[in-house]
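> Structure, please.
(one chain, ligands or ions: 3)
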Amino acid sequence: MNILKFGGTSVGSAQSISALMEILKKEKGDENPIVVLSAMGGVTNTLLEMAENARNASDYADQLKQVEARHFEVIRTLLPAGAQNPVLTKLKIYFNELEDILQSVYNLRELSSQTKDLILSYGERCSTVMVSHIACQHFANALFVNGAELIKTDSNFGQAKVNTQLTETLIRDFYESNKDKLLFVTGFISSNEEGRITTLGRGGSDYTAAIWGGALNAQEIQIWTDVDGMLTADPRIVKKAFSLPELSYIEAMELSYFGAKVIYPPTMTPAFLKKIPIVIKNTFNVDFEGTYIKHGAHASNLPIKGISSIDEISILNLSGSGMVGKAGFSGRLFSLLSREQINVVLITQSSSEHSITFAVKPSDALKALSLINKEFELELQARKLEYPEVENGLSVLAIVGENMKRTPGISGKLFNALGRNGVNIRAIAQGSSEYNISVILSRADLSKAVNAVHDAFYSDLKKTLNVFCLGTGNIGKTLFQQLQNQMPFLAKNNDLQVKVMGVSNTRKMYLNPDGLDLANWEETLETQGEQADLGEFIKQMKNMNLANCVFVDNTASHNPIQFYLDVLQSSISVVTCNKIGNSAEYDQYVAFKQAARKHGVDFYYETNVGAGLPIIRTLKDLMLSGDRIGRIEAILSGTISYIFNNFKGDRLFHEVVKEAQDLGYTEPDPRDDLNGKDFMRKMLILARDAGYALEEKDVAIESMLPADCLAAASVPDFYVAMEKNAAHFENLKQEAAKGNKVLRYIGKLEDGKVAITLQMVDDSHPFYMLSGSDNIISFTTDRYKERPLVVKGPGAGAEVTAAGVFADIINVGKR
Ligand SMILES: NC(=O)C1=CN([C@@H]2O[C@H](COP(=O)(O)OP(=O)(O)OC[C@H]3O[C@@H](n4cnc5c(N)ncnc54)[C@H](O)[C@@H]3O)[C@@H](O)[C@H]2O)C=CC1
Ligand SMILES: N[C@@H](CC=O)C(=O)O
Ligand code: NA
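Ligands and ions are numbered 1, 2, ... in the order given. Below is the predicted model of the structure:
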């Protein structure tokens, strides 16, 4: 025989009660199950509020009317008119009684815990009477049972202690004579020796189910709720949290202790003692198999079973020389707190015995403080102890699992995930059971921390990269297209989910904690975006406080650069195709790298040189492996390469420049390409990566433009100037052709000196054979001395550049 307990949401509406009836039809085998019910969702809280309102001489009548109306509405919806009267009458009697009790509380301005229990009992009594009557439409043998009469307790109202022996006898006797009935039992309520109503405390209906299960040696106890069982983490915090198929009792205890509100641990004791499995099921998703909590639960290969948290706690720290070697000191402290009913959530003690840190609910913190000040007055005055202080605004995160004991490296993984995401750990406690490691951290970091830890431990599951993008131009747009196309592949083959959480251009910005749908990002940005404000964008990005964040700069602007340091220091990786940052002052370039290293995040800029070609990466690998760069020779302007490769026949120079611009090879301002500035930036970045502390002034640039082109005040003027100087460019071309040569704009780094020169090269030169927007770079190093290491290929264009940015983003995800 099974016990089926339905929680508040499962009896909360006509719809859910209909679902409940269907579940009963399915679950009802040869033996009748026993059905335990909670009050309709929210009713217990309302009853409590009404009771307190009555005591405070405030109005409660409206609330009472609402509670009554909710019950009546369900009855009118689910019962045919002819069957409504008997149950409406019964409920009306309950509500009249309740009104009388509330009126007395109101008159006396007094609310004892005994009266409070009596008031609360109407929640379960009303719901159970209601549901059992509705059940009569489906089952001939439905019977209402006032569970209070069978569960006998002491008189500790609000949290009564069960007299197990007596209770079990009463339940068994009752069941013996009612086996043939489908019993609907009120959860949560019980009664003392005098027959006065008591309640079983938090999670009381689950407890009722476990008591009945224990008394009758049930096969299993099913807890029907509104979620898919126990999850690996709170799904409101971790979108990817998933249901656990099995847990041991201890794991369930540990998980519920910190947060997971699905069941309340003490309720399980009767089931635990008799080895009765508990199954958590979902009334609203009957296909969900359930989470099984049982003895000998499959260890499974999950290193941890879940992550739980307490949103808000306070800590107190007691330290001082007076504690060293003083046996019984912590005993004195904790028996004091327990005597005063202050629940200590967790404790950490330093190995030197010099200090004890413990966590309590914020509402208990000041009381704990004053108790300590009183108890240890002498020690405090003698400065043998430091005066303790309360620290607020903290949370607890705990990882839980029996496998932890056997698996090395669990805590390393935990701390690494937190550290990498810039989460500062205030204190650490490992349960003596080794089933749980808890850390205390700032409340502001909790959500990020839980996500980071979830990603770290379930990395064979999907990892999410949260991406924030600046720039929706040539490169930005193409990147979004590529991301959208590739997402299914990444999810399937790399278990990686890339989510764009924010986007901005110069006009508009849009951030969304649920991510942006890339299928219509343009429309969303246009219609839902707010006015762009870079500082605000960064602020909102930081405030989202997400794990695994990447900030992507796809602009050609100076403005984002000033935020890089702040972003890196906030433990957010930076990916940029914008060369301005790395080619400004050397000190800034160094600062970016140092900040990334210090905060355990990445700073990637592969597309700063040669677009998607693996140039930065190659140079980095050479340097890391101890090679020394002797010389770099390179063609690094895709635009100029394209121009020289297509400036043929009777074509005019400025027309070819326009073509390069239309093909997306040039900088937003093509003057930056033609005047050598873009090339200079690339050479400077390469030189720096090769270990030279150079500045812009150290790069010698031979211009290929006549003076009035260089002086053009705008892009249109620039085109006019190039057209005017057509002869100049034609001459260059002719002269090269005369010697069977081609024009090449070549950069060279040698002995720490950088120069960019316009050259005419013949077919003996390795850079002779280039086409399209090709870049070529040759590294002559200690190891590549006879023949250099060469990278060659298209070095400009939206597709190849966006692909390079994409690869950098994915590389952040790989770490
Ligand atoms: N075209 C190419 O082949 C390559 C380009 N790059 C780099 O890619 C970057 C982007 O180039 P394009 O997409 O062609 O430029 P673009 O002019 O088409 O787009 C730039 C985008 O940045 C936005 N933007 C500018 N300032 C901003 C700010 N302060 N906040 C937010 N958004 C801002 C603009 O609104 C625009 O959406 C440049 O830095 C360029 O050097 C790098 C390698 C190759
Ligand atoms: N405008 C640049 C694009 C790549 O950085 C170029 O032409 O090389
Ligand atoms: Na590159």
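
> Asn485: neighbour count?
Counted with other Cβ atoms under 10 Å, residues neighbouring Asn485 total 10. Yep, even glycine has a C-beta here, placed from its N, CA and C like the rest.

> what's the answer for Ala584, then?
As a burial measure, Ala584 scores 16 neighbours (other Cβ under 10 Å).

> How about Ala802?
Neighbours around Ala802, by other Cβ under 10 Å: 25.

> OK, contacts around Gly664?
By Cβ atoms under 8 Å, 6 or more residues apart in numbering, the contact set of Gly664 is Asn474, Ala796, Gly797, Ala798.

> Next, give phi and psi for Ile278.
Ile278 adopts backbone torsions of phi -110, psi 130, taken as degrees, to the nearest 10.

> Quickly note the distance from it to Ile223.
Look at Ile278 and Ile223: by Cβ to Cβ, to the nearest Å, they are 6 Å apart.

> overlap in contacts of these two?
By Cβ under 8 Å, 6+ apart, the residues touching both Ile278 and Ile223 are Ile263.

> about what we covered before: the contacts of Gly664: which ones sit near ligand 1?
Subset of those in contact with ligand 1: Asn474, Ala796, Gly797, counting by Cβ under 6 Å from any ligand atom.

> any idea which of these has the most stuff around it?
Most neighbours among the ones next to ligand 1 among the contacts of Gly664, by other Cβ under 10 Å: Ala796, with 30 neighbours.

> That one touches Ala611, doesn't it?
Yes - shown here, Ala796 and Ala611 form a contact pair, counting by Cβ atoms under 8 Å, at 5.5 Å.

> overlap in contacts of those two?
Common contacts of Ala796 and Ala611 (Cβ under 8 Å, 6+ apart): Gly638, Asn775.

> in stretch 781-798, what counts as buried?
Applying a neighbour-count criterion of 16 or more other Cβ atoms under 10 Å, the buried positions in stretch 781-798 are Thr781, Tyr784, Pro788, Val791, Lys792, Gly793, Pro794, Gly795, Ala796, Gly797, Ala798.

> Taking the stretch 1-150 of the chain, what residue is nearest to ligand 2?
Thr9 (57.1 Å; Cβ to the nearest ligand atom).

> Nearest spatial neighbour of that residue, chain-adjacent residues omitted?
Spatial nearest neighbour of Thr9, excluding adjacent residues (Cβ to Cβ, 6 or more residues apart in numbering): Asp226 at 4.0 Å.

> Could you tell me how many residues sit around the one you found?
16.

> Go ahead and confirm it touches Lys281.
No - in this structure, Asp226 is not within contact of Lys281 by Cβ under 8 Å, at 10.3 Å.

> so which residue of the stretch 401-550 of the chain comes closest to ligand 1?
Taking Cβ to the nearest ligand atom, the stretch 401-550 of the chain has Gly473 as its residue nearest ligand 1, at 1.8 Å.

> what number of residues lie near that residue?
With other Cβ under 10 Å as criterion, Gly473 counts 15.

> in terms of contact, does it touch Asn554 like I think?
Yes - Gly473 is in contact with Asn554 according to Cβ under 8 Å; the separation is 7.1 Å.

> for ligand 1, what are the nearby residues on the chain?
Contact residues, the chain versus ligand 1 (Cβ under 6 Å from any ligand atom): 470-476, 504-506, 532, 534, 554-557, 559-560, 577-579, 607, 611, 638, 664-665, 667-668, 796-797, 801.

> and the residues you listed, which of them are in strands?
Leu470, Ser504 (DSSP state E).

> Just to be sure, Phe468 is in a helix?
No - secondary structure assignment (DSSP: H, G, I helix; E, B strand; the rest coil) places Phe468 in strand, not in a helix.

> For it, which non-adjacent residue is closest in space?
Gly502 (4.2 Å).

> which residues does His654 contact?
Contacts of His654 by Cβ under 8 Å, 6+ apart are Tyr719, Met722, Glu723, Ala726.

> Would you mind giving the residues you listed as TSV with secondary structure and neighbour count added?
As requested, those are exported to TSV (DSSP: H, G, I helix; E, B strand; the rest coil; neighbours: other Cβ atoms under 10 Å):
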residue	secondary structure	neighbour count
Tyr719	helix	19
Met722	helix	25
Glu723	helix	15
Ala726	helix	13
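
> which of those residues sit farthest apart?
The widest separation within these, taken as Cβ to Cβ, falls between Tyr719 and Ala726 and amounts to 11.5 Å.

> What subset of the residues of the chain next to ligand 1 is buried?
Of the residues of the chain next to ligand 1, these count as buried by 16+ other Cβ under 10 Å: 470-472, 474-476, 504-505, 532, 534, 554-556, 560, 577-579, 607, 611, 638, 664-665, 667, 796-797, 801.

> same for the helix of greatest length in the chain, what does it pack against?
Assignment by DSSP state H gives helix 81-108 as the longest helix of the chain. Where contact means 3 or more Cβ pairs under 8 Å, 6 or more residues apart in numbering; DSSP states H and E, helix 81-108 is packed against helix 43-55, helix 61-78, helix 113-135.

> Ligand 2 contacts on the stretch 601-750 of the chain?
So the stretch 601-750 of the chain meets ligand 2 at Ala611, Ser637, Gly638, Thr639, Tyr665, Thr666, Glu667, Asp673, Asp678 (Cβ under 6 Å from any ligand atom).

> quick one: the strands in the stretch 551-700 of the chain?
Per DSSP state E, counting those that start in this stretch, the stretch 551-700 of the chain carries strands over the ranges 573-576, 603-604, 629-635, 699-701.

> Can you list the strands that the last one pairs with?
Just to be clear, that refers to strand 699-701. In the sheet, strand 699-701 lines up against strand 753-761 (parallel) (DSSP bridges).

> Let's see the following helix or strand past the strand it pairs with as PDB, backbone CA atoms only.
On the C-terminal side of strand 753-761, the closest following helix or strand by DSSP states H and E is strand 774-781. The C-alpha coordinates for strand 774-781 follow below in PDB (Å, rounded to 0.1, in the frame of the first residue of the first chain):
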ATOM      1  CA  ASP A 774      45.800  37.800 -48.500                       C
ATOM      2  CA  ASN A 775      48.000  38.500 -45.600                       C
ATOM      3  CA  ILE A 776      51.200  36.700 -45.100                       C
ATOM      4  CA  ILE A 777      53.500  36.600 -42.100                       C
ATOM      5  CA  SER A 778      56.800  34.900 -41.700                       C
ATOM      6  CA  PHE A 779      58.400  34.300 -38.400                       C
ATOM      7  CA  THR A 780      62.100  33.700 -38.300                       C
ATOM      8  CA  THR A 781      63.000  32.300 -34.900                       C
END
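
> Give me the helices and strands touching strand 774-781, please.
Checking 3+ Cβ pairs under 8 Å, 6+ apart, strand 774-781 ends up next to helix 616-624, strand 629-635, helix 638-646, strand 789-794.

> Turn the ones you listed into TSV, columns for mean pLDDT and distance to Thr407.
Formatted as TSV, the helices and strands packed on strand 774-781 follow (pLDDT from 0 to 100; distance: least, Cβ to Cβ, whole Å):
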stretch	mean pLDDT	distance to Thr407
helix 616-624	97	32
strand 629-635	97	44
helix 638-646	98	51
strand 789-794	97	43
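
> Please work out which of the ones you listed is packed deepest.
Mean neighbour count, computed with mean count of other Cβ atoms under 10 Å, is highest for helix 638-646 among these, reaching a mean of 24.

> which regions of the stretch 451-600 of the chain sit below the pLDDT cut-off?
In the predicted model, the stretch 451-600 of the chain carries pLDDT under 70 at residues 459-462.

> quick one: which of the ones next to ligand 1 among the contacts of Gly664 is nearest Glu193?
Nearest to Glu193 out of the ones next to ligand 1 among the contacts of Gly664 is Asn474 (Cβ to Cβ; 82.2 Å).

> Provide a list of residues in contact with the closest one.
Taking Cβ under 8 Å, 6+ apart as the contact definition, Asn474 lies against Gly664, Pro668, Ala798.
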